[in-house]
Each structure stands twice: as structure tokens, then as C-alpha cells.
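Asker: predicted model and sequence below, questions to follow.
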Amino acid sequence: MRKVRQEANDSLKKEEKDGDITEDELHKDRDAVQKLTDKYCAQIDDIAVAKQKEITEL
């Protein structure tokens with residue numbers, strides 16, 4: 001997850017440097033990437049907890 005987030009942020013930085021997006025857009029998009037990362041990390045944590053519970057019940 002961290003690697004994907006880092007790659008997305010690097011891509012956004014490059015776009016901003018190339019003039020494809022503004023600094024405001026960069027910050028808005030980086031916030032969106034972080035929110036998605038948080039969302040999917042929470043889902044992964046939920047799956048891990050459920051799996052741990054399943055394993056300990058056996």
C-alpha cells in the first residue's frame with residue numbers, strides 16, 4: 001500500500017513540475033490519494049482481524 005501511495009504521489013509531483021496541474025490541484029489530489037490509502041488500509045485491517053479470529057476459533 002505504501003509503495004502504491006508513493007508512486008501516485010511521485011506521479012502527481014511530476015505532473016505539477018511539468019505544469020500539467022497546479023499546486024492546489026497537487027495538494028487536493030494528494031489528499032484524495034491519502035484518503036483512499038486510509039480506506040483500503042482499514043479494509044485490510046478488518047480482513048486481517050476476521051482471519052485471525054477465524055484461525056483462533058479452530
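Answerer: Nice, thanks for sending it over.

Asker: can you count the residues close to the residue lying closest to Val33 once chain neighbours are set aside?
Answerer: Take Val33 and drop its neighbours on the chain: the residue closest to it by Cβ to Cβ, 6 or more residues apart in numbering is Ala8, 4.7 Å away. Quick note: C-beta positions are derived from backbone N, CA and C, even for glycine. Using other Cβ atoms under 10 Å as the criterion, Ala8 is surrounded by 17 other residues.

Asker: show me where this protein has helices.
Answerer: For the chain, the helices defined by DSSP state H cover 2-18, 23-57.

Asker: a markdown table for those, including mean pLDDT?
Answerer: Written out in a markdown table, the entries for the helices of the chain read as follows (pLDDT from 0 to 100):
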| stretch | mean pLDDT |
| --- | --- |
| helix 2-18 | 95 |
| helix 23-57 | 95 |
